[in-house]
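Visitor: With the input below, show me the fold.
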Amino acid sequence: MADADLKLLYRELVSMEIELWDGIEGRLRAEYDLPLTSFEVLHLLQHRPGRRIQDIAEEFSITVGGTSKVVDRLESAGLCERRANPNDRRSSIVELTPEGRKLVDGALKVFEEELELRIGSVIPEQSVREMTALLSTLRAAGHTLDAERKAAAQLPKRPGRRTS
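Guide: The predicted model follows:
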């Protein structure tokens, strides 16, 4: 494949992600004073309650420290709360408060409207399914490559071989 084609695809994917993020976040902030990162965490907690900080971090491929900071802000705003994890005393479970559930319900409508305006009204449903499958394939391949590289880095070096 031509190098220029891959670079163009990269640029389009990155630009689309930034513009989509900014557009949705702009509406959420304007209508709910809610950053998109916070909405994503609240939405996850609504659909999959009882998540640990580690679970949330893994879901979004972000650090545990970054996730903890987001949850701290949401907790301070009264939108979620931590409770003891009955299965592991070293961690806590994060759950929505009634106020958090109410906020995410309203914000979800804005989120879905913006997705429809920016994607659904532009490309047919079949194309959405095809693009979703392609992007999932690319992400899975990237995860496999990252895991292989991590495993290779952890292998002991064989004596007598140069690594440079």
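Visitor: And the helices in this structure, which stretches?
Guide: With helices called from DSSP state H, the chain shows them at 3-32, 36-47, 53-60, 64-76, 98-115, 125-154.
Visitor: Out of those, which gets nearest to residue 88?
Guide: Ranking these by proximity to residue 88 (Cβ to Cβ) places helix 53-60 first, at 9.9 Å. Every C-beta, even on glycine, is put in place using the N, C-alpha and C of the backbone.
Visitor: Just the CA trace of that closest one, in PDB.
Guide: This file holds the C-alpha atoms of helix 53-60, laid out as PDB (Å, rounded to 0.1, in the frame of the first residue of the first chain):
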ATOM      1  CA  ILE A  53     -11.300   2.400  38.900                       C
ATOM      2  CA  GLN A  54      -9.100  -0.200  37.100                       C
ATOM      3  CA  ASP A  55     -12.100  -1.400  35.100                       C
ATOM      4  CA  ILE A  56     -12.900   2.100  34.000                       C
ATOM      5  CA  ALA A  57      -9.300   2.700  33.000                       C
ATOM      6  CA  GLU A  58      -9.100  -0.400  31.000                       C
ATOM      7  CA  GLU A  59     -12.400   0.300  29.200                       C
ATOM      8  CA  PHE A  60     -11.100   3.700  28.000                       C
END
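Visitor: Let me know the distance separating residue 77 from residue 87.
Guide: Here residue 77 is placed at a distance of 27 Å from residue 87 (Cβ to Cβ, to the nearest Å).
Visitor: higher neighbour count, those two?
Guide: Using other Cβ atoms under 10 Å as the criterion, residue 77 and residue 87 rank with residue 77 on top: 15 against 9.
Visitor: and the more buried one, how far is that from residue 34?
Guide: 9 Å.
Visitor: now do residue 73
Guide: Relative to residue 34, and taking Cβ to Cβ, residue 73 is found at 11 Å.
Visitor: Comparing these two, which residue is more hemmed in?
Guide: Between residue 73 and residue 34, counting by other Cβ under 10 Å, residue 34 is the more crowded of the two (23 against 15).
Visitor: For residue 103, see how far away that one is.
Guide: In terms of Cβ to Cβ, residue 34 sits 7 Å off from residue 103.
Visitor: where do the contact lists of the two overlap?
Guide: Common neighbours of residue 34 and residue 103 (criterion: Cβ atoms under 8 Å, 6 or more residues apart in numbering): residue 42.
Visitor: so what pLDDT did residue 157 get?
Guide: Residue 157 carries a pLDDT score of 65 in this model.
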